[in-house]
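Student: here is the input, now give the coordinates:
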Amino acid sequence: MVGAAIEGAKRIGYDLKRQPGRGLSNTYDAIKDGKTSTVSVRTTRDRWFAYQPVEGGTRWKTLDEVELVLVSAVDDPADPRNVDVYLFPADEVRKRFDASYAARSENGNTMRDGFGMWVKLDAGDPSVPSQVGAGLADDYPAIARFSLDELEASATP
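Tutor: Numbering: from 1, shown residues only. Okay, the predicted model is just below:
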């Protein structure tokens, strides 16, 4: 699914180069029209994706270090046929994660630094604290779609 995200970004003109020494963070330099941005790649099979809060939710691991977020997601968790690729401004993603964190805190939920907190790509019920911040995929259309057959064929040597 990371490969689909990278290919999706390439289709809209980005050249991605993985940043060395970042462990499993999937952080890339994304170059387009001579401008370099830092992008975090996330994948999801259930259309929720995560970042880890730090410093009591005042910061986000990896998310606070990037300008863009590239998410590769199956189209239907119960019966996946395609992988959709989305590109979001990191400021908007931070806003959604901050809102979700605040709603969960106000509801008495405990979030721990260093443990992932998930936000739903699709619209949710804003009266449910865990669904506050949902809907990025509704506000930012997919930049690419790949069938699972297409991805499997490209992965076969």
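Student: what's the first helix or strand after the longest strand belonging to the chain?
Tutor: What stands out as the longest strand in the chain, according to DSSP state E, is strand 35-44. Using DSSP states H and E, the helix or strand that follows strand 35-44 in sequence is strand 48-51.
Student: partners of that next one, with directions?
Tutor: strand 117-120 (antiparallel) (DSSP bridges).
Student: if we can go back for a sec, outside of the longest strand of the chain, which residues touch it?
Tutor: 1-2, 5-6, 9, 14, 16, 19, 25-31, 49-50, 62-63, 65-74, 90, 121 (C-beta atoms under 8 Å, 6 or more residues apart in numbering). For the C-beta atoms, the positions are set from N, CA and C on the backbone; glycine is no exception.
Student: and the helices in this protein?
Tutor: Under the criterion DSSP state H, helices of the chain are mapped to 2-11, 90-106, 136-139, 148-155.
Student: what mean pLDDT does the longest strand of the chain have?
Tutor: Averaged over strand 35-44, pLDDT sits at 96.
Student: then that strand to CSV, C-alphas only?
Tutor: Below are the C-alpha coordinates for strand 35-44, written out as CSV (Å, rounded to 0.1, in the frame of the first residue of the first chain):
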residue,chain,number,x,y,z
LYS,A,35,9.9,22.8,-4.5
THR,A,36,10.7,20.2,-1.8
SER,A,37,8.2,19.3,0.9
THR,A,38,8.3,16.7,3.6
VAL,A,39,5.6,14.1,3.4
SER,A,40,4.4,11.4,5.8
VAL,A,41,3.0,8.2,4.3
ARG,A,42,0.2,6.3,6.1
THR,A,43,-1.7,3.2,5.1
THR,A,44,-5.0,1.9,6.3
